[in-house]
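Novice: with the sequence up front, the predicted model follows.
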Amino acid sequence: MTRNRVRGRLPVVLVLPAVAGLAFLLVPLAGLLVKTPWTSLPTLLSAEVGEALRLSLICASLATVLCLVLGIPLAWLLARSGLPGRGFLRALVTVPLVLPPVVGGVALLLVLGRRGLIGEHLDAWFGISLPFTTAGVVVAEAFVAMPFLVISVEGALRAADPRYEEAAATLGASKWVTFRRVTLPSVLPGVVAGAVLCWARALGEFGATITFAGNFPGETTTMPLAVYLALETDPDAAIVLSVVLLLVSVGVLAGLRDRWISGPT
């Protein structure tokens, strides 16, 4: 009873800023829902909006697959290997989290553009040009989203009990078999959580996409870019697109509530 009484004493000096912070985060979202033209929603969901939604879902999914293929081995390298300088590598991996997305797009152009360090050879040898294409959208989204997956999987690998891997090794399993049959299943919840966050981040990417892939309807115009364009010509359509992105984000958080939101009561 004493503990409940102590826990029930909430200092006003902390409650007021907390309420203000909560309002600061939620009121704009509530305003978006209030201003949504629900009655004219079917007419605002035009073919162009549907095309932007389809392109966004496809590109975000492909970017997530790319992040899984590259990010899981990278997370394993950071968590399990004795490679020197892992701390420095981990810091480099997290750079896209704090790097302005536009700067990331410029960096991709300088490396993968037609005159870039690698893109020049891709264009000359194989005729492959990534900038201002749908593939460029996938690359830009993967660049900014992969750290979410790597951090999540690395954390799961660090928390996993290594004794199961050691037992598999004593039974003669190779490192690849151990990873595939023991390690990966044990960290699967972390992989799923990282993949969902990665997909959501890719779905909402704007800066790197417009810088590296441009804004071409039907080819590189994803939903965030469509919102930006609609604000200038059709604000109601921009609101509808924003609400769709908001619902996707809320759905992601709801799906991961046990991992990221739930805490001690």
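Specialist: Thanks, I have it. Numbers count the residues shown, from 1 in each chain.

Novice: what number of residues lie near Asp134?
Specialist: In this structure residue 134 is Thr, not Asp. The number of residues packed near Thr134 is 18, by other CB atoms under 10 Å. For every residue, glycine as well, the C-beta is placed using N, CA and C.

Novice: does it touch Glu219 like I think?
Specialist: Yes - Thr134 is in contact with Glu219 according to CB atoms under 8 Å; the separation is 5.6 Å.

Novice: which neighbours do the two share?
Specialist: Leu55 (CB atoms under 8 Å, 6 or more residues apart in numbering).

Novice: do a quick rundown of the helices in the stretch 151-265 of the chain.
Specialist: Counting by DSSP state H, counting those that start in this stretch, residue ranges of the helices within the stretch 151-265 of the chain are 163-170, 175-178, 184-186, 188-203, 207-212, 223-233, 235-255.

Novice: and the gap between Glu165 and Val153?
Specialist: 15 Å (CB to CB, to the nearest Å).

Novice: higher neighbour count, the two?
Specialist: Val153 (28 against 18).

Novice: what's whichever strand or helix holds Pro42 packed up against?
Specialist: Following DSSP states H and E, one finds Pro42 within helix 41-44. Judged by 3 or more CB pairs under 8 Å, 6 or more residues apart in numbering; DSSP states H and E, the packing partners of helix 41-44 are helix 235-255.

Novice: mind exporting the C-alpha coordinates of the helix it packs on to CSV?
Specialist: Only the C-alpha atoms of helix 235-255 are listed here, as CSV (Å, rounded to 0.1, in the frame of the first residue of the first chain):
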residue,chain,number,x,y,z
PRO,A,235,-4.1,20.0,-50.6
ASP,A,236,-6.9,17.6,-50.0
ALA,A,237,-5.1,14.8,-51.9
ALA,A,238,-2.0,15.6,-49.9
ILE,A,239,-4.0,15.2,-46.6
VAL,A,240,-5.3,11.8,-47.8
LEU,A,241,-1.9,10.5,-48.7
SER,A,242,-0.6,11.7,-45.4
VAL,A,243,-3.3,9.9,-43.5
VAL,A,244,-2.5,6.7,-45.4
LEU,A,245,1.2,7.0,-44.4
LEU,A,246,0.0,7.7,-40.8
LEU,A,247,-2.2,4.6,-40.7
VAL,A,248,0.7,2.5,-42.0
SER,A,249,3.0,3.9,-39.3
VAL,A,250,0.4,3.3,-36.5
GLY,A,251,0.0,-0.3,-37.9
VAL,A,252,3.7,-0.9,-37.6
LEU,A,253,3.8,0.3,-34.0
ALA,A,254,0.7,-1.8,-33.2
GLY,A,255,2.4,-4.8,-34.6
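
Novice: which parts of that helix are buried?
Specialist: 237-245, 248, 252 (16 or more other CB atoms under 10 Å).

Novice: what does stretch 215-229 give?
Specialist: 220-227, 229.
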